[in-house]
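J.: after the sequence you'll find the predicted model.
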Amino acid sequence: MDIKVLGPGCKNCVTLDRITHEVIAEMGIAATIEKIEDYALIAGYGVMSTPALVVDGKVLLSGRVPTARHLKEILEAAHS
């Protein structure tokens with residue numbers, strides 16, 4: 001699974017990155033997680049509101065930080 005956390009480094013972006021690492025570790029999923037802070041790359045995904053989560057090239061979340069439980073549900077659905 002290829003995961004990208006999009007955001008310029010604001011508090012919410014840092015939180016989403018942290019929660020993503022925690023949930024992936026808890027789930028035991030093999031994944032690469034990349035933090036993207038470049039505005040041009042973020043805009044390339046069509047994201048206008050950060051933080052955002054991209055899984056295997058698809059934007060699955062934008063503009064908010066989910067709870068760990070909700071993020072786990074999102075990743076489980078993307079992984080199946």
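T.: Okay, I see it.

J.: residues near Met48, how many?
T.: Residues near Met48, counting by other Cβ atoms under 10 Å, number 10. (Each C-beta comes from the backbone N, C-alpha and C, glycine too.)

J.: what's the answer for Gly44, then?
T.: Under the neighbour criterion other Cβ under 10 Å, Gly44 is assigned a count of 11.

J.: over to the one 5 residues further on?
T.: Ser49 has 11 neighbouring residues, counting by other Cβ under 10 Å.

J.: which residue is the nearest non-sequential neighbour of it?
T.: With Cβ to Cβ, 6 or more residues apart in numbering as the measure, Gly63 is the residue that lies nearest to Ser49, at 3.5 Å, once sequence neighbours are left out.

J.: surely the one you found touches Thr50?
T.: Yes: with contacts defined as Cβ atoms under 8 Å, Gly63 counts as touching Thr50 at a distance of 7.2 Å.

J.: still on that earlier bit, what pLDDT is listed against the residue nearest to Ser49?
T.: On the pLDDT scale, Gly63 is placed at 96.

J.: tell me how far it lies from Lys35.
T.: 17 Å (Cβ to Cβ, to the nearest Å).

J.: do the same with Gly9
T.: Remark: distance between Gly9 and Lys35 (Cβ to Cβ) = 8 Å.

J.: more neighbours: which of the two?
T.: For Gly9 against Lys35, the residue with the higher neighbour count under other Cβ under 10 Å is Lys35, and the figures read 17 against 11.

J.: show me what contacts the more buried one?
T.: With contacts taken as Cβ atoms under 8 Å, 6 or more residues apart in numbering, Lys35 has the following neighbours: Lys4, Val5, Gly7, Cys13, Asp17.

J.: who are the packing partners of the longest helix along the chain?
T.: Looking across the chain with DSSP state H, the single longest helix is helix 11-27. Helix 11-27 makes packing contacts with strand 2-6, strand 32-36, helix 68-79 when contacts are defined by 3 or more Cβ pairs under 8 Å, 6 or more residues apart in numbering; DSSP states H and E.

J.: go again with 6 Å.
T.: Where contact means 3 or more Cβ pairs under 6 Å, 6 or more residues apart in numbering; DSSP states H and E, helix 11-27 is packed against strand 2-6, helix 68-79.

J.: many thanks, I have nothing further to ask.
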